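Q: could you look at this predicted model? Sequence included:
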Amino acid sequence: MNENIIKPNKKEEKDFKVQLSKKAGAIFMLLVIVVLCYRCCPKCDDKKPEANITSASGDPVADFVEANGSAAINEPDSFNWAVFCLVCQTASCQSEVAGGHQTNDAIWETWATDELTFPDSPATQKDVPKWPICDGNKGPKRQIKHLRKSKQQEIFRHISHNQNLALVVNGGNEEVRRNKSSFDFIIQNKLWYVEGCKEYYSKATEGEKTTFMRFPKGAVEVKAVWTPIKETDKNKYHWNYDDSGHLYGLVGLHIMTKAIPNWTWATWEWEDNPGRCDYMGCHDSFGVVPHNVASKCTDPLQTHCGPPYPSGEMSSALKEMFKKFGLKDDWTHYRLKGSQTDWIDATGRIINVGNSVTENGFIGSSSCITCHSVASFNNTGAVNPSIGFTPVVVNVKGKPDTVQFSQEGPVNDTNFWKNGVPVTGKPTYLPMDFVWAIFNAHNLPK
């Protein structure tokens, strides 16, 4: 600022504040790039960072997440895009699958799956799941990419008796993965089998005051949803093959990080998803212009409320971030639907964030943080039966009907305690620190 300017007029002061705000955003983006370069590239120069990124801890994604809690709160969209760029770089290790096809794995696609973390039939507690390791040029032992049906939608179909709800568009399916920081916490605390969960509950509640579960700050969990595509459609999607050589395109991606105590929540959608901005609209202050796209929906039970929403244009800041980290063109087809760090806004209004694919059927009441806050187990290791849904009576075609909506707004203490929150005593259900995946734990053989 010029030292000769002693007292600007109101217009000059307003213009200055606008310019200062823009510069602050630009400076943050630059700092993100500098930090990521420093952490992810041993020799950071004019070259774009290597895909096989390294760090002192061995987990550069965890390093970045742990170091940027302030940015996660104050600049959530740009923070989430930075995480996206880190985890979506092409992995150094690829594999050949059935049909002679070469995989197109991003870094997050080499992380531990639910199936690896929570084996269906754990032989003994000594048969500990092992983190998949990239062995030089040989590549890792490939985790079978056998996509499962959406568990969230299967539960919703069951409790809502809506068997006509499409699980995922065009017959695609989902997978859930986690970085090493999250994986190690689950394994080390024996949360990968039911008896271990029971033991954890016992230790956490043995004193007068319950010790709540806390994942490490660098933990990251990812849920991806895929749809079958043709070879000619590869240029429209981030694509990959399953272990049998079937080709899929990515249509939805959730990323949650432990950068802050209640995690960060962000969801991306393929730009041509028909219901991409339904109900809550699409909101991205960093990566796309226009920043906000309004919903076309008026009926709370309606889906795909009109023609596809415009995809907008990637911002120059995001284009630069993509360039710095060498992301392939296939990632340009994805839009951030929204970010979430709290249950309500500054005026007390409920914050809703959800994905039109993974939350199809209950997107109108979807709140990532609220749904995941219900994740918990009791003294037997059994999971909280609410699974994040609550019955609501609505008017359907002129008649009252009970439908299931995802819980939204601040966490409800009755999910965990009987008759309100006591000063002392044990909760009926112990929170799993927002990680629903632990409900995949199985019993050891008797």
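A: Looks like it came in fine. Numbers count the residues shown, from 1 in each chain.
Q: since we're on Lys324, how many residues are nearby?
A: 18 (other CB atoms under 10 Å). The way it works is simple: take the backbone N, C-alpha and C, and place the C-beta from them, glycine included.
Q: gap between it and Ala82?
A: Lys324 is 10 Å from Ala82, where distance means CB to CB, to the nearest Å.
Q: do the same with Glu320
A: From Glu320 to Ala82 the distance is 12 Å (CB to CB).
Q: for the nearest residue to Thr332 once chain neighbours are set aside, give the beta-bridge partners.
A: Once flanking residues are discounted, Thr332 sits nearest to Met314: 6.3 Å by CB to CB, 6 or more residues apart in numbering. Note on Met314: beta-bridge partners Val288, judged by DSSP bridges.
Q: circling back to that earlier point, higher neighbour count, Glu320 and Ala82?
A: Looking at Glu320 and Ala82 with other CB under 10 Å, you find the greater number of neighbours at Ala82, namely 26 against 15.
Q: over to the more buried one. Which of the three states is it?
A: Assigned by DSSP: H, G, I helix; E, B strand; the rest coil, the conformation of Ala82 is helix.
Q: which strands and helices lie in contact with the one helix or strand Ala71 maps to?
A: In this structure, Ala71 sits in helix 69-74 according to DSSP states H and E. Packing partners of helix 69-74 (3 or more CB pairs under 8 Å, 6 or more residues apart in numbering; DSSP states H and E): helix 76-87.
Q: can you give me how far the helix it packs on is from the chain middle?
A: 11 Å (CA atoms, centre = their mean, to the nearest Å).
Q: how much space between Trp265 and Ser373?
A: Separation of Trp265 from Ser373 (CB to CB) stands at 11 Å.
Q: I meant to write Asn273 there.
A: 26 Å.
Q: who touches Trp192 in this structure?
A: Thr117, Phe118, Pro119, Pro122, Val128, Pro129, Ile186, Ala441 (CB atoms under 8 Å, 6 or more residues apart in numbering).
Q: Val87 too?
A: Taking CB under 8 Å, 6+ apart, one finds Val61, Ala106, Ile107, Trp108, Val220, Val222, Ile255 in contact with Val87.
Q: flag the shaky bits of the stretch 301-446 of the chain, pLDDT-wise.
A: 301-303, 360-365, 387-406, 419-424 (pLDDT under 70).
Q: what average pLDDT does stretch 257-274 get?
A: Averaging pLDDT along stretch 257-274 yields 96.
Q: going forward, the N-terminal residue is numbered 53.
A: Yes, from this point I'll number from 53; that puts the last item at stretch 309-326.
Q: in it, what counts as buried?
A: Going by neighbour count (16 or more other CB atoms under 10 Å), the buried part of stretch 309-326 is 309-312, 314-323, 325.
Q: and Gly339, how far from Val405?
A: Applying CB to CB to Gly339 and Val405 gives a distance of 15 Å.
Q: if you could redo that for Ser147, that was the one I meant.
A: Taking CB to CB, one finds Ser147 at 34 Å from Val405.
Q: that older thread, so how far is the helix holding Ala123 off the chain centroid?
A: 16 Å.
Q: now swap in stretch 480-496 and tell me
A: That offset, for stretch 480-496, works out to 17 Å (CA atoms, centre = their mean).
Q: could I have the CA atoms of that stretch written out in CSV?
A: The C-alpha trace of stretch 480-496 is given here as CSV (Å, rounded to 0.1, in the frame of the first residue of the first chain):
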residue,chain,number,x,y,z
THR,A,480,-25.1,-46.9,24.8
TYR,A,481,-23.2,-46.4,21.6
LEU,A,482,-19.6,-45.2,21.3
PRO,A,483,-19.0,-42.9,18.3
MET,A,484,-16.6,-44.3,15.7
ASP,A,485,-15.2,-40.8,14.9
PHE,A,486,-17.5,-40.4,11.9
VAL,A,487,-16.0,-43.5,10.1
TRP,A,488,-19.0,-45.7,9.0
ALA,A,489,-16.6,-48.1,7.3
ILE,A,490,-16.0,-49.8,10.7
PHE,A,491,-19.4,-51.4,10.4
ASN,A,492,-17.8,-53.7,7.9
ALA,A,493,-16.0,-55.5,10.7
HIS,A,494,-16.7,-59.3,11.0
ASN,A,495,-16.6,-61.7,13.9
LEU,A,496,-13.6,-64.0,14.4
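Q: wait, what's in contact with Asn132?
A: Ile307, Thr316, Ala318, Leu388, Ser391.
Q: ok, of these, which one's closest to Gly121?
A: Thr316 (9.0 Å; CB to CB).
Q: ok, of the contacts of Asn132, which one's closest to Ala346?
A: Leu388 (16.0 Å).
Q: skipping adjacent residues, who's closest to the closest one in space?
A: Using CB to CB, 6+ apart, the nearest residue to Leu388 is Asp336, at 4.2 Å.
Q: that neighbour: how many residues sit nearby?
A: Neighbours of Asp336 (other CB under 10 Å): 26.
Q: for Ala124, see how far away it is.
A: According to CB to CB, Asp336 stands 15 Å off from Ala124.
Q: tell me where the chain has helices.
A: Here the chain has its helices, by DSSP state H, at 62-92, 112-119, 121-126, 128-139, 166-169, 203-212, 232-240, 246-256, 368-376, 420-425.
Q: out of these, which gets the lowest mean score?
A: helix 203-212 (a mean of 41).
Q: my guess is Lys232 meets Ile159, correct?
A: No. Lys232 is not in contact with Ile159 according to CB atoms under 8 Å; the separation is 11.4 Å.
Q: Asp157: how many residues sit nearby?
A: Quick note: Asp157 (other CB under 10 Å) scores 22 neighbours.
Q: for it, what are its contacts?
A: Asp157 neighbours (CB under 8 Å, 6+ apart): Thr142, Ala143, Cys145, Gln146, Ser147, Asn292.
Q: look at it and report its pLDDT.
A: pLDDT for Asp157: 93.
Q: quick one, phi/psi of it?
A: Main-chain dihedrals, Asp157, degrees, to the nearest 10: phi -70, psi 130.
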